[in-house]
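Q: Got a sequence here, can you model it:
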Amino acid sequence: MTGPGSIGRGAALMASGTAVSRATGLLRMMVLIAAIGVTGEAADAFSVANKLPNILFMLLAGGVLNAVLVPQVVRAYKRDAGQEYVDRLLTLGFVVLAVATVVLTFAAPLLVHLYADAAPDQMALATTFAYWCIPQLFFYGVYALLGQVLNARGSFGPYMWAPVVNNLVAIGGFVAFVVVFGSPETSGVSAASSWTTGQVALLAGISTLGVVTQAVVLVPSLRRAGVRYRFRWGLRGSGLGRAGQVATWTLAGLGIGLLGNLVVSRIVSRAPSEAEATTVASNNAYDVAFSIFMLPHSLVTVSLATALFTRLSGQAHDQDVDGVRSTFSYGVRVVGLFTVAAAGLLLVLARPVTDIIAVNAPADAVDATTRVVQAMVVGLPAFGAWSMAQRVYYAYEDARGMVPIQVAMAAVVVVGTLLGMVLAPPSWWTASAGLAMSVSYAVGAVAAIWHLRRRLGRVDGGRIVRVHVRALVAVLPAALVAWLATRVLSLGLPDGLLGSVVVCVVAGGLGGVAYVGALRLLRVEELDGLLRPVLARLRPGRG
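A: Modelled structure (predicted):
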């Protein structure tokens, strides 16, 4: 069985890859904003088009593949003919991806009209972008399929490092766009009607090329992990019937969530045309805020949850209920320590963080995006707990059990977003949608953990609650320290990128130190589990 040391090393390796991936991802976003802006017709058109393959990828990586592939592969490699079974799974996945990609590419106009409600020129540009971007789905899927096989084989690094290649390719292309066509202020590309075929091909084409390279770079890692894939077709007698049932229920639940995302996208796309203000957060600002929201989640929650998931799958297969309970409790508690700190500090530092990402954007565009960031980050702790609970469902191949919870979460998102549209001015519609998303994660986390009690007998709820309460107590002085530091630094620092970076580093660092110190005073033992991956990376050669 995988021990805490190997889990820590696996999480540390993935965290390092994810850290570089997210850092280059943020740089990619900065260059993209420099090319087309953070608000405006072109930025929102590209956001809608590029969102389509990304949403489908998130469904694959976070849903169907976790629910089906990892548990199936873990079981397959425990018996004879395991590689043949994996080959059939991969072949089926590749074929389904290819068919789905072709169908959805032809359906680009319909998909764009489902996700946006904007001016005709903006809709036409979004559709053109979509024809270039939707083919990314196939390569995102190949990346996810191969990456999950590598994870099941205990090779965690390549899956986390491959997106770095994608980001570097995209950064180079977006820089070339700025060099050739200039900034939005000088080139006029912020208006949808001004785009040429060459501009579309460079921006969207390079974005798709990055995803292609992200998938291709995993191929050599398969051989190093001992995987020799062969195209094998034929489902009869392969045991895929059970996997198909799990996939069906997983898709049903994720489809429900997709409906909520669709409502959000359509409403926020209407905000600019309904508002009196000239700068209003819409789809692209929502995406920028979501990327900031996902940064801390990706650095720790995803890394730790992925390292723990293979262990959970094995324990579920062996009917080790105590082991599943212990692994789940450990994951939720350690993730909670980090997400509570991240939420508290990001609430304080949302403005300078957004200013770094949208460095060339006007102040009012940064302010509009900051509100969305703050609305989202309050849901970080609940999102972390929900993500860990999902891994338990997937380990038991119980996608059906999550569907009622996903229905409730989607309902919260839809109702909350609609309430925001009715009660708030259009300039706040996107932030209202972000807040609704945060509330939905809280509903999902509580409902999932409550439901898991039936399967596990108990979920170590007392320890989980105590750790989160102590984390909340510890984050209050940490947030205060960070806020005071921002006030003091703002008196002597100039506006702009350098000032924002200094504020984030100094205020965030002081807040982090205050948080760790408060946890030590509160004798929170799980702090060592959170810091172990970092310390392991700083002490090479030591287990």
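Q: what's the first-to-last distance across stretch 211-227?
A: Using CA to CA, to the nearest Å, the end-to-end distance of stretch 211-227 comes to 22 Å.
Q: Could you count how many residues lie near Leu27?
A: Using other CB atoms under 10 Å, the number of residues around Leu27 comes to 16. Quick note: C-beta positions are derived from backbone N, CA and C, even for glycine.
Q: Isn't it up against Asn167?
A: Yes: counting by CB atoms under 8 Å, Asn167 is a contact partner of Leu27 at 7.1 Å.
Q: any idea how far Val178 is from Gly344?
A: Separation of Gly344 from Val178 (CB to CB, to the nearest Å): 36 Å.
Q: Same question for Val212.
A: 22 Å.
Q: Ok, Cys504 next?
A: Distance from Cys504 to Val178, by CB to CB: 24 Å.
Q: Between the two, point out the one with more neighbours.
A: In this view Cys504 and Val178 are compared by other CB under 10 Å, and Cys504 has more residues nearby, 20 against 17.
Q: Tell me which residues touch the more buried one, please.
A: By CB atoms under 8 Å, 6 or more residues apart in numbering, the contact set of Cys504 is Leu349, Pro352, Val353, Ile356.
Q: between the residues you listed, which has the most around it?
A: Sorting the contacts of Cys504 by how many neighbours each has (other CB under 10 Å) puts Leu349 first, at 26 neighbours.
Q: Check the most centrally placed residue in the chain and give its pLDDT.
A: Nearest residue to the geometric centre of the chain (CA atoms, centre = their mean): Met294, 4.9 Å. Note on Met294: pLDDT of 86.
Q: how much space between it and Ser193?
A: Taking CB to CB, one finds Met294 at 32 Å from Ser193.
Q: Packing partners of the one helix or strand Phe309 maps to?
A: Secondary structure from DSSP states H and E places Phe309 in helix 303-317. The contact analysis (3 or more CB pairs under 8 Å, 6 or more residues apart in numbering; DSSP states H and E) places helix 303-317 against helix 4-36, helix 70-76, helix 136-152, helix 321-357, helix 380-395.
Q: Which among these is found nearest to Arg453?
A: Of all these, helix 321-357 sits nearest to Arg453, with 9.9 Å by CB to CB.
Q: and after that closest one, which helix or strand comes next?
A: Scanning forward in sequence from helix 321-357 by DSSP H and E, the next helix or strand is helix 363-377.
Q: who touches that next one?
A: With CB under 8 Å, 6+ apart as the test, helix 363-377 has contacts from 37-39, 277-281, 285-286, 288-290, 292-293, 342-343, 346-347, 350-351, 353-355, 358, 361, 427-428, 430-435, 437-438.
Q: Can you select the buried ones from the residues you listed in ChimeraX?
A: Under the burial definition 16 or more other CB atoms under 10 Å, those of the contacts of helix 363-377 that qualify are selected in ChimeraX by:
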select :37,38,39,279,280,281,285,286,288,289,290,292,293,342,343,346,347,350,351,353,354,355,358,361,427,428,430,431,432,433,434,435,437,438
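Q: before we move on, the earlier item: centre of the chain versus whichever strand or helix holds the residue nearest to the centre of the chain, how much separation?
A: Element membership of Met294, judged by DSSP H and E, is helix 283-296. Offset of helix 283-296 from its chain centre (CA atoms, centre = their mean, to the nearest Å): 9 Å.
Q: other SSEs contacting it?
A: Using 3+ CB pairs under 8 Å, 6+ apart: helix 283-296 touches helix 4-36, helix 41-59, helix 240-274, helix 321-357, helix 363-377, helix 429-456.
Q: out of the helices and strands packed on helix 303-317, which comes closest to Gln122?
A: Nearest to Gln122 among the helices and strands packed on helix 303-317 is helix 4-36; the distance by CB to CB comes to 12.5 Å.
Q: Could I get the average pLDDT for that closest one?
A: Helix 4-36 shows a mean pLDDT of 72.
Q: Next, the angle helix 41-59 makes with whatever helix or strand Thr208 lives in.
A: Using DSSP H and E, Thr208 sits in helix 197-216. Using axes from the mean of the first three to the mean of the last three CA atoms, to 10 degrees, the inter-axis angle of helix 197-216 relative to helix 41-59 is 20 degrees.
Q: Can you pull out the low-pLDDT segments for the stretch 1-150 of the chain?
A: The model of the stretch 1-150 of the chain has pLDDT under 70 over residues 1-18, 56-82.
Q: I should have written the stretch 201-350 of the chain there, sorry.
A: Short version for the stretch 201-350 of the chain, where the test is pLDDT under 70: 234-251, 253-254, 275-278, 301-303, 306-307.
Q: make it 50
A: Along the stretch 201-350 of the chain, no part satisfies pLDDT under 50.
Q: In contact with the nearest residue to Thr24 once chain neighbours are set aside: list those residues for me.
A: Closest residue in space to Thr24, ignoring its immediate chain neighbours: Asn167 at 3.8 Å, by CB to CB, 6 or more residues apart in numbering. Contact analysis of Asn167 by CB under 8 Å, 6+ apart lists Ser21, Thr24, Gly25, Leu27, Arg28, Gly210.
Q: Contact partners for Ala471?
A: The contact partners of Ala471, by CB under 8 Å, 6+ apart, come to Gly336, Leu337, Val340, Ala341, Pro381, Leu519, Val524.
Q: whoops, I mixed them up, Ala118
A: Glu41, Asp44, Ala45, Ala126, Ser269, Arg270, Pro272, Ser273.
Q: Against Ala124, how distant is the residue nearest to the first one when sequence neighbours are not counted?
A: Okay, so that is Glu41. Spatial nearest neighbour of Glu41, excluding adjacent residues (CB to CB, 6+ apart): Ala192 at 4.0 Å. Ala192 is 7 Å from Ala124, where distance means CB to CB.
Q: Give me the more crowded residue out of these two.
A: Legend: neighbour count by other CB under 10 Å for Ala192 and Ala124, higher for Ala192 (23 against 16).
Q: per-residue confidence at that one?
A: 83.
Q: Touching, it and Phe129? I think so.
A: No: assessed by CB under 8 Å, Ala192 is found out of contact with Phe129, at 10.1 Å.
Q: joint contacts of these two?
A: The contact sets of Ala192 and Phe129 overlap at Ala45 (CB under 8 Å, 6+ apart).
Q: Low-confidence ranges, the stretch 401-543 of the chain, go.
A: 537-543.
Q: And the strands in it?
A: For the stretch 401-543 of the chain, applying DSSP state E, counting those that start in this stretch gives no strands.
Q: Helices of that one, start to end?
A: For the stretch 401-543 of the chain, applying DSSP state H, counting those that start in this stretch gives helices covering 429-456, 461-492, 497-521, 527-538.
Q: Any buried residues in the second one, and which?
A: Going back to what we said before, that points to helix 461-492. The neighbour-count check on helix 461-492 (16+ other CB under 10 Å) flags 464, 467-468, 470-471, 474-475, 478-479, 481-483, 485-486, 489 as buried.
Q: what does the third one give?
A: Of the residues in helix 497-521, those with enough neighbours to count as buried (16+ other CB under 10 Å) are 499-501, 503-504, 506-508, 510-512, 514-516, 518-519.
Q: by how many degrees do the helix holding Met294 and helix 380-395 diverge?
A: On the basis of the same axes, to 10 degrees, helix 283-296 is oriented at 70 degrees to helix 380-395.
Q: Just the CA atoms of helix 283-296, as PDB, please.
A: Output of helix 283-296 as PDB, limited to C-alpha atoms (Å, rounded to 0.1, in the frame of the first residue of the first chain):
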ATOM      1  CA  ASN A 283     -17.200  36.200 -20.000                       C
ATOM      2  CA  ASN A 284     -13.500  37.000 -20.300                       C
ATOM      3  CA  ALA A 285     -13.300  38.700 -16.900                       C
ATOM      4  CA  TYR A 286     -15.100  35.700 -15.500                       C
ATOM      5  CA  ASP A 287     -12.500  33.400 -17.000                       C
ATOM      6  CA  VAL A 288      -9.700  35.500 -15.700                       C
ATOM      7  CA  ALA A 289     -11.200  35.500 -12.200                       C
ATOM      8  CA  PHE A 290     -11.700  31.700 -12.400                       C
ATOM      9  CA  SER A 291      -8.100  31.200 -13.400                       C
ATOM     10  CA  ILE A 292      -7.000  33.100 -10.300                       C
ATOM     11  CA  PHE A 293      -9.500  31.100  -8.200                       C
ATOM     12  CA  MET A 294      -8.100  27.800  -9.600                       C
ATOM     13  CA  LEU A 295      -4.500  28.700  -9.000                       C
ATOM     14  CA  PRO A 296      -4.400  27.700  -5.300                       C
END
